[in-house]
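*Asks:* give me a model of this one.
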Amino acid sequence: MESSTSDTTLAKPTVDLTGGHTVRRYDQELAKLRSIILQMGERVIDQTQAAVAALIEEDESQAYRVLDREPLVDYLSLDADEEVFRVIARRQPTAVDLRIVLALSKIAGEVERAGDKAARIARQALELRQQETDGVLVTEALREAFQALDDKACCMFERSVHAVTTFDVTQALAIFENEPALYAAAQALREQLSASGSDGLVPRQAITLFHCAQALKHIGSHASNIAEQVIYVALGQDVRYRNREILIETLRHHGY
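*Replies:* As a prediction, this is how the structure comes out:
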């Protein structure tokens, strides 16, 4: 379903999200849930950067470090789930409050899955190290392509998590606007891998690197999914299936 620039349903927030509740403890519980998500996001960014470093620098210690710390993200995800259940049980939220809680639950899931992608890259880095090869496995051109995609994905992901703290529509829109750069970086990396025969990579190695590239791109996609939930909470509109260009134009037209 597509939107248009005349769509007034996205013109302004449906509720003041900064006003707080009459029950102070409720605000504290929601703040705690957002804090958990922020901690998860920071860990995922660290994990992703370390996993890519393990891959392009062929550093096994970085890969093992990522895998050793993977359970920390999982534990925080369990904490987020428990906090969601606790809020629902205690407060029985309705309307916008329920929307906030359910959106935060979905966001926690997106962050946790992004962490899985970082761990996948670390495992693939170790697999590559176990494969016999002569000379340098990852060429300088491939390093630069992976680093460019890593920068795009991590920047989007960091912005998306911070947008959750205040349900910032402007930051969410910036993430959508960065999607073309993410896709372009992913395409450039795929083209590098397609030419890998001349770089001395065997098919198995090229496929492993392709899986790493896909995992990085998916981390950026998780950022976009989080941004969609931010807009859902702030404006009360599900924008998951809106035409992206029209959505951006509509919201920019309304001052975001």
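*Asks:* C-alpha from now on. contacts and neighbour counts both.
*Replies:* Will do.
*Asks:* so where does the residue positioned nearest the centre of the chain fall, helix or strand?
*Replies:* The C-alpha lying nearest the average C-alpha coordinate of the chain belongs to residue 223 (C-alpha atoms, centre = their mean; 3.1 Å). In the assignment (DSSP states H and E), residue 223 maps to helix 203-235.
*Asks:* would you mark the buried spots in the longest helix along the chain?
*Replies:* As far as residue count goes, and with DSSP state H defining each element, the longest helix of the chain is helix 95-130. By neighbour count with 16 or more other C-alpha atoms under 10 Å, helix 95-130 contains the buried residues 96-126, 128-129.
*Asks:* and stretch 179-193, by the same measure?
*Replies:* Within stretch 179-193, the residues that qualify as buried are 179, 182, 183, 185, 186, 187, 188, 189, 190, 192, 193, counting by 16+ other C-alpha under 10 Å.
*Asks:* hang on, the fifth one packs against residue 213?
*Replies:* Yes. Under the contact definition of C-alpha atoms under 8 Å, residue 186 touches residue 213, with a separation of 6.8 Å.
*Asks:* so what's in contact with those two at the same time?
*Replies:* Taking C-alpha atoms under 8 Å, 6 or more residues apart in numbering as the contact criterion, the common neighbours of residue 186 and residue 213 are residue 149.
*Asks:* run a quick neighbour tally on residue 90.
*Replies:* 9 (other C-alpha atoms under 10 Å).
*Asks:* now it: how far from residue 78?
*Replies:* Taking C-alpha to C-alpha, to the nearest Å as the measure, residue 90 falls 18 Å from residue 78.
*Asks:* ditto for residue 47
*Replies:* Relative to residue 78, and taking C-alpha to C-alpha, residue 47 is found at 18 Å.
*Asks:* of those two, which one has the most company?
*Replies:* For residue 47 and residue 78, the more surrounded residue by other C-alpha under 10 Å is residue 47, and the numbers stand at 28 against 15.
*Asks:* before we move on, the earlier item: for the helix or strand following the longest helix of the chain, packing partners?
*Replies:* The C-terminal neighbour of helix 95-130 among helices and strands, as given by DSSP H and E, is helix 140-166. Under the contact criterion of 3 or more C-alpha pairs under 8 Å, 6 or more residues apart in numbering; DSSP states H and E, the helices and strands touching helix 140-166 comprise helix 24-56, helix 169-194, helix 203-235.
*Asks:* give me the buried positions along helix 140-166.
*Replies:* Of the residues in helix 140-166, those buried under the neighbour-count criterion (16+ other C-alpha under 10 Å) are 142-143, 145-164.
*Asks:* how about stretch 33-42: buried residues?
*Replies:* Within stretch 33-42, the residues that qualify as buried are 33, 34, 36, 37, 38, 40, 41, 42, counting by 16+ other C-alpha under 10 Å.
*Asks:* got the residues you listed as JSON lines, with distance to residue 67 columns?
*Replies:* Compiled in JSON lines, the buried residues of stretch 33-42 are given as follows (distance: C-alpha to C-alpha, whole Å):
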{"residue": "33", "distance to residue 67": "25"}
{"residue": "34", "distance to residue 67": "25"}
{"residue": "36", "distance to residue 67": "20"}
{"residue": "37", "distance to residue 67": "20"}
{"residue": "38", "distance to residue 67": "20"}
{"residue": "40", "distance to residue 67": "15"}
{"residue": "41", "distance to residue 67": "16"}
{"residue": "42", "distance to residue 67": "16"}
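*Asks:* any idea how far residue 164 lies from residue 70?
*Replies:* Residue 164 is 22 Å from residue 70, by C-alpha to C-alpha.
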